[in-house]
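Q: with the sequence up front, the predicted model follows.
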Amino acid sequence: MTPGGWIVMILSVGSVTIAFLWCVFKVLTTPHETEKMHGFDRPTPDENEP
Amino acid sequence: MGVILAVAGSAVGLGNFLRFPGQAAEYGGGAFMIAYFVSLLVLGLPICWAEWTMGRYGGLRGLHSAPGVLMACTGRPAGKYLGAIGIVIPVVIYMYYVVIESWCLGYAVNFLAGNMHFTTPAEAGAFFEKMIGVGGDGSAVGFGLSYAGTFLGIVFVLNFILIYRGVSKGIEWFCNIAMPALVIIAIIVLFRVLTLGTPDAAQPERNVLNGLGFMWNPEKVLLEKNGPEGWQPEERLIGNAAVATAQAKATADPAYRVRSVGLLNQLSNPQLWLAAAGQIFFSLSVGFGVILTYASYLRKNDDVVLSGASATSANEFCEVALGGLITIPAGVAFLGVSGVAGMASTFGLGFNVLPLVFSEMPAGRWFGCLFFFLLFLAAITSSISMLQPGIAFLEETLEIGRKQSVALLGFITAVGCGFVFYFSAGLKALDTLDFWVGTFLIFLLATIQIIVFGWVMGVRKGLAEASVGATFRIPAWIGFVMKYISPAFLLLVFSMWVTVNVLGIRLGGGPSQVSGYVKDLFLQPNLVAWMSIALAAAFTIFVLLLCARARAYRHMTGEDRS
């Protein structure tokens, strides 16, 4: 592992970790945010058809 | 915290733990990672936001599939034909994704049965190759724990039972329990990998530090051999000992030389950029048509900006900080640099390497079982999300109910899965579809979407639309990126790829770099590769015909035209 490799690794892993933690912080500290956020977990309206 | 897990759970899948390490290994590690992060910033996040925004925009106008959404966003009926790609991609990817999903289940069950304690890489490789039938077409067909056929049947039926009955509760359970468990186990495995050291003292160059070097070093040192086609790379060298040995070999034999390939030189290969962008799109589900469909069910005041950012960051954390740091360093420690670089299939690396890691762990049998089972569950949530665009499309175009739509899609995907599963020799069908649909078509749809967002819908209107209900606004400079940088970047990579990797034109006097996937079709035609393309083309024609005749796409409201 060269010094360049260490730099690329630390910057890459550090940046994605910080970005993820920032998003967690933002969701937890914004009132009512959990009601407005979605992934692909949302039930689709056609699931309710008989 | 549940909502974060829900978003993360839907984003994490096989792309993070299996496809990403395979791609990084195939394209040489460090340079791939640079291209990967540039693609994430310039393409992944901007297009992700564009897709969430366009999906909600189309959904508020009553359209829930990619053709309808793109028709609404372009304001032109012809937009539906562009959106047809957004149906072809998830359905065709599903055809091979579910096959890999069955390998995960097969590995979990075999760990449970105690069949997975390997002492050499050759044993692990032989088990994998027998199970998936890489030795010959049809050789994975069979019943028993060592045949993928057993598990494919279970997985395929399970997917359709879940989608038929509605999936909300199952996904909620997965996200709240299985997703954190998967991350915790991945962290434990990561710790074990980073403390592996040198598993085989007789081969000191096979160690974790060299594995990290393979993954992250921006420069590449190659041992090259002079042959009829000029200097061709023979081996990648990592570590001082390997370089010294190779230099001694080159000094003794003038047919060899050691050459250092700089970062810029590696980045001049357009196929690397195409693969890096393709991986970003694949793992973020961007350019799939999936986000368009799910975003179309959102309410007007739902937050598309933080939803997109959270899905992206959770996915990248699992991919780069967990998936990438586990599989490649472990691969180099057990298989050596040449073993990792020479892995035949993108998805194969993890299946060859991870059982060896678990064999080195206390209670490895149980950790292995749990890890592959949780990976299987993560894959199920992703594969189910791939079916929804097709279901919504069939409902819209054929004016049928969900259950009929699920049945029809089940038949289509069963044919495709059977094809990919049967033609398993060298994984030619799977790899061909993964490149032409899972990389190339995704790249094409992403390009179409960002051009529609930036130039047809308009960046100002698009950003205003995105900001409705958002906790924070998308920065204005991202708007500039969406309008100018992303499309220009995509078109440049595409034109360079055609020039270098399709037409074989040499840039800078280097060796010809015609893509193996192009060779399979035109230079050294391969029947299975052509049949794979024919399968995807037949389904594309079917989708286009449905787009043309659908009543739902024949009229647009006045608001759509504005």
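A: Alright, I've got the coordinates.

Q: can you pull out the low-pLDDT segments for chain A?
A: Scanning chain A for pLDDT under 70 picks out A:40-43, A:47-50.

Q: get me the contact residues on it for chain B.
A: For chain A, the contact set with chain B under C-beta under 8 Å from any C-beta of the partner chain comprises A:1-2, A:4-6, A:8-9, A:12-13, A:15-17, A:19-20, A:22-24, A:26-28, A:30, A:33-34, A:36-49. (Glycine included, C-beta is placed from N, CA and C.)

Q: narrow those to those that are buried.
A: Neighbour-count burial (16 or more other C-beta atoms under 10 Å in any protein chain shown) applied to these gives A:1, A:5, A:8-9, A:12-13, A:15-16, A:19-20, A:23-24, A:26-27, A:33, A:36-42, A:44, A:46.

Q: let's see which of those end up in helices.
A: Using DSSP state H, the subset of these located in helices is A:5, A:8-9, A:12-13, A:15-16, A:19-20, A:23-24, A:26-27.

Q: so which of these is the closest to B:A311?
A: A:C23 (9.0 Å; C-beta to C-beta).

Q: what's the distance between the nearest residue to the closest one once chain neighbours are set aside and B:P475?
A: Using C-beta to C-beta, 6 or more residues apart in numbering or on different chains and skipping residues adjacent in sequence, the residue nearest A:C23 is B:S310, 4.3 Å away. Going from B:S310 to B:P475 by C-beta to C-beta, to the nearest Å gives 17 Å.

Q: compare the two (neighbour count), which wins?
A: B:S310 (28 against 10; other C-beta atoms under 10 Å in any protein chain shown).

Q: distance check, the more buried one against A:L21.
A: Distance from B:S310 to A:L21, by C-beta to C-beta: 11 Å.

Q: got it, and B:A201?
A: For B:A201, the distance to A:L21 equals 39 Å [C-beta to C-beta].

Q: who's more crowded, the two?
A: Of the pair B:A201 and A:L21, A:L21 is the one with more neighbours under other C-beta under 10 Å, namely 12 against 8.

Q: so which helix or strand takes in the residue of the stretch 451-562 of chain B found nearest chain A?
A: Per C-beta to the nearest C-beta, the residue of the stretch 451-562 of chain B with the smallest distance to chain A is B:T471, at 5.0 Å. For B:T471, there is no enclosing helix or strand under DSSP states H and E.

Q: surely it touches B:N301?
A: No. Look at B:T471 against B:N301 with C-beta atoms under 8 Å: they stay out of range, at 11.5 Å.

Q: in terms of neighbours, single out the busier of those two.
A: B:T471 (19 against 10).

Q: give me the neighbour count for the closest residue to B:K483 other than its chain neighbours.
A: For B:K483, ignoring the flanking residues on the chain, the nearest one in space by C-beta to C-beta, 6+ apart is B:G454 at 4.0 Å. Look at B:G454: counted by other C-beta under 10 Å, it has 22 neighbours.

Q: who's in contact with the residue nearest the centre of chain A?
A: Closest residue to the average C-alpha location of chain A: A:F20 at 5.0 Å, with C-alpha atoms, centre = their mean. Applying C-beta atoms under 8 Å, 6 or more residues apart in numbering or on different chains to A:F20 gives the contacts B:313-314, B:316-317.

Q: save these as a markdown table, and put in pLDDT and secondary structure too.
A: Formatted as a markdown table, the contacts of A:F20 follow (pLDDT from 0 to 100; DSSP: H, G, I helix; E, B strand; the rest coil):
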| residue | pLDDT | secondary structure |
| --- | --- | --- |
| B:S313 | 92 | helix |
| B:A314 | 89 | helix |
| B:E316 | 92 | helix |
| B:F317 | 91 | helix |
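
Q: how about a markdown table for those residues, with distance to chain A added?
A: Shown next, in a markdown table, are the contacts of A:F20 (distance: C-beta to the nearest C-beta, whole Å):
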| residue | distance to chain A |
| --- | --- |
| B:S313 | 4 |
| B:A314 | 6 |
| B:E316 | 4 |
| B:F317 | 4 |
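
Q: farthest pair within the residues you listed?
A: Maximum distance among the contacts of A:F20 (C-beta to C-beta): 7.5 Å, for B:A314 and B:E316.

Q: tell me which helix or strand comes right after the lengthiest helix in chain B.
A: The longest helix of chain B (DSSP H) is helix B:364-398. Next along the chain after helix B:364-398, taking DSSP H and E as the criterion, comes helix B:402-422.

Q: other SSEs contacting the helix or strand following that next one?
A: The C-terminal neighbour of helix B:402-422 among helices and strands, as given by DSSP H and E, is helix B:428-435. Counting contacts by 3 or more C-beta pairs under 8 Å, 6 or more residues apart in numbering or on different chains; DSSP states H and E, helix B:428-435 is packed against helix B:85-112, helix B:402-422, helix B:516-518, helix B:527-549.

Q: how far off centre is the first one?
A: In this view, helix B:85-112 has its centroid 12 Å away from the chain centroid, taken as C-alpha atoms, centre = their mean, to the nearest Å.

Q: the inter-axis angle of it versus helix B:364-398?
A: Per axes from the mean of the first three to the mean of the last three C-alpha atoms, to 10 degrees, the angle that helix B:85-112 makes with helix B:364-398 is 160 degrees.

Q: keeping just the C-alphas, turn the helix or strand that helix B:85-112 is followed by into CSV.
A: Sequence-wise, the next helix or strand downstream of helix B:85-112 (DSSP H and E) is helix B:121-132. The C-alpha coordinates for helix B:121-132 follow below in CSV (Å, rounded to 0.1, in the frame of the first residue of the first chain):
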residue,chain,number,x,y,z
PRO,B,121,-9.0,-21.4,-2.5
ALA,B,122,-9.2,-24.3,-5.0
GLU,B,123,-11.8,-26.1,-2.8
ALA,B,124,-13.9,-22.9,-2.4
GLY,B,125,-13.6,-22.2,-6.2
ALA,B,126,-14.6,-25.8,-7.1
PHE,B,127,-17.7,-25.7,-4.8
PHE,B,128,-18.8,-22.4,-6.3
GLU,B,129,-18.2,-23.5,-9.9
LYS,B,130,-20.1,-26.8,-9.4
MET,B,131,-23.0,-25.1,-7.7
ILE,B,132,-23.6,-22.4,-10.3
